[in-house]
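>>> Here is a sequence with its predicted model. Questions after.
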Amino acid sequence: MDGLGLIINVRLLLLAWFCHRSRPGPISFLKCFSYKDIKKATDGFRRIMDNPSHGSAYKAKFQDGRIALVKEVKAFSEQKDAFYREVQLLGRLHHRHIVALSGFSTGRKRFLVFENIENGSLKEHLNDPLKTPLNWRTRLQIAVGVAAALEYLHFFCEPPMYHVSISSSTIMLDENFTAKLSDVGLLSSGGTHVILPHASCSNECVGLACGNMIFQLGLLILELVTGQSSEKGDVDLIEWVQESRSQKSIHKMIDPDLGNSYDSKELKGLLAVARLCINSADKPSFLIPQIFRYLQKKVGIP
């Protein structure tokens with residue numbers, strides 16, 4: 001057996017041991033909050049940040065001064081063990097571009113408590129006229145950061161996490177405007193559990209999930225470039241990026257908040273990546289790490 005084969009076998013044995021030893025239940029390094037704590041910290045659930053179908057998100061301020069992002073989890077209402085397994089998986093995620101889980105609540109409702117993200121969501125900064133517009137370099141760093149997070153979730157997590165909600169409303173920005181994914185391993189919009197280990201999912205299923213992640217990344221890049229969302233219906237961004245090639249067409253769509261403070265070469269590279277992601281949705285011809293490296297090369301960000 002060669003060295004690589006030995007390493008893979010050792011990893012599989014360690015994973016099997018961990019899965020055998022792991023039992024559903026609270027995690028010692030995560031704080032358990034009461035329903036009363038959550039209600040008070042969110043001002044009676046009035047500090048709403050987002051309201052998707054699978055559970056609202058709130059900004060919370062606890063008595064000890066802790067500021068946090070709180071997400072309601074509507075799934076697992078009758079499955080306490082399943083909720084604890086979800087908490088265990090999310091609690092083990094450690095990446096610069098993923099919002100860290102710091103606590104949970106299993107009271108009248110179920111909540112996940114995440115680290116505070118000082119600058120709110122990317123959506124706020126793209127749409128709120130009172131916010132200082134994001135500069136070109138920051139937008140490039142956000143795109144690269146999200147791609148790095150996807151690579152981590154796909155290739156460095158056990159089990160891998162294939163379904164992630166990627167949009168301007170689920171990407172949070174910290175005090176340095178570092179992008180962090182906030183909707184990982186929870187629920188898809190269809191209400192199905194989305195943490196899928198290799199063993200429980202066919203190659204076709206994995207391929208579709210990866211294609212969806214890549215497609216969402218492409219849409220996000222278009223949002224960063226244009227300041228618009230394809231969800232609004234103002235313009236068909238997908239059709240535009242697939243058909244536009246002329247300088248005039250491209251520059252007409254740039255977010256007005258950017259003015260002329262962008263690099264034309266980097267812009268072309270970014271749109272090339274977006275086009276690649278959009279066209280790879282059904283049958284991905286590239287893996288996420290390849291997209292990530294290609295994006296880094298195109299925009300010159302390590």
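Arrived safely, thanks for sending.

>>> is the residue positioned nearest the centre of the chain in a bridge, and if so with what?
Centroid check for the chain by Cα atoms, centre = their mean gives residue 181 as the closest residue, at 3.1 Å. Assessed by DSSP bridges, residue 181 has beta-bridge partners residue 98, residue 171.

>>> Does it touch residue 100 like I think?
No. Counting by Cβ atoms under 8 Å, residue 181 sits too far from residue 100 to count as a contact (11.0 Å). To be clear about C-beta, it is placed using only N, CA and C from the backbone, and glycine gets the same treatment.

>>> Residue 184: neighbour count?
Close neighbours of residue 184, defined as other Cβ atoms under 10 Å, add up to 26.

>>> And the host helix or strand of residue 269, how far out from the chain middle?
Using DSSP states H and E, residue 269 sits within helix 264-279. Computed by Cα atoms, centre = their mean, to the nearest Å, the chain-centroid distance of helix 264-279 equals 20 Å.

>>> After it, which helix or strand is next?
Next in sequence after helix 264-279, counting helices and strands by DSSP H and E, comes helix 288-299.

>>> just so I have it, where are all the helices in this structure?
3-21, 35-41, 80-91, 122-127, 136-155, 203-226, 237-243, 247-252, 264-279, 288-299 (DSSP state H).

>>> what about the fourth one, average pLDDT?
Read that as helix 122-127. For helix 122-127, the mean per-residue pLDDT is 92.

>>> Also the longest one?
Confidence for helix 203-226, expressed as mean pLDDT, is 84.

>>> which secondary structure elements does it contact?
For helix 203-226, the elements it packs on are helix 122-127, helix 136-155, helix 237-243, helix 264-279, helix 288-299, judged by 3 or more Cβ pairs under 8 Å, 6 or more residues apart in numbering; DSSP states H and E.

>>> excluding its backbone neighbours, what's nearest residue 124?
For residue 124, ignoring the flanking residues on the chain, the nearest one in space by Cβ to Cβ, 6 or more residues apart in numbering is residue 131 at 5.9 Å.

>>> burial measure for the one you found, as a count.
Neighbour count for residue 131, taken as other Cβ under 10 Å: 13.

>>> what ranges of this protein fall below the confidence cut-off?
Counting by pLDDT under 70, the ranges of the chain that qualify are 1-28, 51-54, 75-79, 186-206, 230-235, 244-248.

>>> domains of it?
20-114, 122-299 (automatic domain parsing).

>>> Now do the helix holding residue 269: which elements does it pack against?
The helices and strands touching helix 264-279, judged by 3+ Cβ pairs under 8 Å, 6+ apart, are helix 136-155, helix 203-226, helix 237-243, helix 247-252, helix 288-299.

>>> Kindly recompute the last result at 6 Å.
helix 203-226, helix 237-243, helix 288-299 (3 or more Cβ pairs under 6 Å, 6 or more residues apart in numbering; DSSP states H and E).

>>> Name the nearest residue to residue 55, ignoring sequence neighbours.
Leaving aside its chain neighbours, residue 55 sits nearest to residue 72 (3.8 Å; criterion: Cβ to Cβ, 6+ apart).

>>> What separation is there between the one you found and residue 268?
Counting by Cβ to Cβ, to the nearest Å, the gap from residue 72 to residue 268 is 42 Å.

>>> Which one's more surrounded, these two?
Remark: of residue 72 and residue 268, residue 72 carries more neighbours, 19 against 13, as counted by other Cβ under 10 Å.

>>> thinking again about what came up before, which of the helices of the chain sits most buried?
Comparing the helices of the chain by mean neighbour count (mean count of other Cβ atoms under 10 Å), helix 136-155 ranks first with a mean of 22.
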